[in-house]
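**Q** This is a predicted model, with the sequence first.
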Amino acid sequence: MRGSWQEQFAESPGVLKSSDCAQTMVRILDLEIGGGEFVTMAGPCSVETEFQLMATAHHVRRCGARILRGGAFKPRSSPYSFQGHGVEGLKMLARARKESGLAIVTEVMSECDVSLVAEYADILQIGTRNMENYSLLEAAARSGRPVLLKRGMMATIADLLRSAQLILDNGNPNVILCERGIRTFETATRNTFDVTAIPLLKQVSHLPVIADPSHAAGCRELVPALARIAVAAGADGLLIEVHPHPEKAWSDGDQSLDFADFEGMMDSLDPYIALREAEVKDAPATRSLEAVG
Ligand code: PEP
Ligand code: MN
């Protein structure tokens, strides 16, 4: 028989549910991630132009998103692809934040940039390629900003929890875990969406868990279905790529939803979100503690 999850994840005791902590709520502006409200983060893969970012910010807000995403520092598969506008992109994000009232999540790729990005971001995103970059994780943790930790594309759940533990150990309890797909033998999709990770992480860890179906699928046709699956699996939120003209996007256009598709996806989530919110409200404070193992 397999050992308990507590044994499997024993190297990361601080992230596991305990009698002291059944659920972490990460507070950003007037939001609580990990609590009763389901939180959608949406926006373009990269910050490109003022128009692209503002139009997207207003649209995703109208559709119910609470946080605007957009990369100013971009980790690209090719060194010859657009690498992001850097500080100019951060300034555009700051203007979009002011105009739309949305909080900002954006990626930080280097420990040298942590204090700069932390000036502009409400949440620091650690991308899949950096999940085990411990010096970056330490610097991000010490910035005091909440950290959105994306699962490495070749990382196990235990690896993800170890990285989260490192952030906690550096004095930052505000970690959001993100399932964004992993590499498998399947090549029809960009990555394989490991839906099992969502209920598993929700059972064993007190940290909020969100899903990124855009990078998992790599194609926009699958994003709404994977988003509904993520809500049904118990995720606390979503990270979705949206672009006014996906076919002209400077990065990740194939997986970006246009405005109409994003609106349709958000509408289709409503019954699933209502079910989830009813479940969270009815659940005892120490939800699923007994079920661990
Ligand atoms: C992104 O969010 O645009 C991104 C690069 O994500 P990931 O690190 O999951 O590939
Ligand atoms: Mn992207």
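**A** Cool, got the structure. Ligands and ions are numbered 1, 2, ... in the order given.
**Q** The residue nearest in space to the middle of the chain and residue 243: what is the separation?
**A** Of all residues in the chain, the one closest to the mean position by C-alpha atoms, centre = their mean is residue 178, 4.5 Å from it. Per C-beta to C-beta, to the nearest Å, residue 178 is found 20 Å from residue 243. For the C-beta atoms, the positions are set from N, CA and C on the backbone; glycine is no exception.
**Q** Same check on residue 167?
**A** The gap separating residue 167 from residue 243 is 30 Å, by C-beta to C-beta.
**Q** pLDDT at the closest residue to ligand 1 within the chain, what is it?
**A** Nearest to ligand 1 in the chain, going by C-beta to the nearest ligand atom, is residue 127, at a distance of 2.9 Å. We note a pLDDT of 98 for residue 127 in this prediction.
**Q** need the contact list for it.
**A** Counting by C-beta atoms under 8 Å, 6 or more residues apart in numbering, residue 127 touches 75, 107, 109, 150.
**Q** So the third one: helix, strand or coil?
**A** Secondary structure, DSSP: H, G, I helix; E, B strand; the rest coil: residue 109 is coil.
**Q** Contacts only, for it.
**A** 73-75, 127, 130, 136.
**Q** try the second one
**A** With contacts defined as C-beta under 8 Å, 6+ apart, the neighbours of residue 107 are 71-75, 117, 124-127.
**Q** Which members of those residues are positioned in helices?
**A** residue 117 (DSSP state H).
**Q** among the contacts of residue 107, which are in strands?
**A** 124-126 (DSSP state E).
**Q** can you put these in CSV and add neighbour count and distance to residue 99?
**A** Listed next are those as CSV, based on neighbours: other C-beta atoms under 10 Å; distance: C-beta to C-beta, whole Å:
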residue, neighbour count, distance to residue 99
124, 26, 22
125, 25, 21
126, 25, 27
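**Q** Let me see the mean pLDDT of the helix or strand encompassing residue 139.
**A** Residue 139 belongs to helix 134-142 when assigned by DSSP states H and E. Averaged over helix 134-142, pLDDT sits at 98.
**Q** Output the contacting helices and strands for it.
**A** Helix 134-142 is packed against helix 114-120, strand 123-126, strand 147-150, helix 157-169, with contacts defined by 3 or more C-beta pairs under 8 Å, 6 or more residues apart in numbering; DSSP states H and E.
**Q** Please list the residues of the stretch 1-150 of the chain that sit near ligand 1.
**A** Applying C-beta under 6 Å from any ligand atom, we find that the stretch 1-150 of the chain lies next to ligand 1 at 45, 71, 75, 127-128, 150.
**Q** Just the closest of those residues to residue 232, please.
**A** Checking these against residue 232 with C-beta to C-beta, the nearest one is residue 150 at 21.2 Å.
**Q** still on that earlier bit, run through who's touching the helix holding residue 139.
**A** 108-111, 114, 124, 126, 130, 147, 149, 163, 166-172.
**Q** Where do the helices of this protein begin and end?
**A** Along the chain, counting by DSSP H, helices occupy 5-8, 50-62, 87-100, 114-120, 134-142, 157-169, 197-204, 213-217, 223-232, 259-282.
**Q** Alright, calling it a day.
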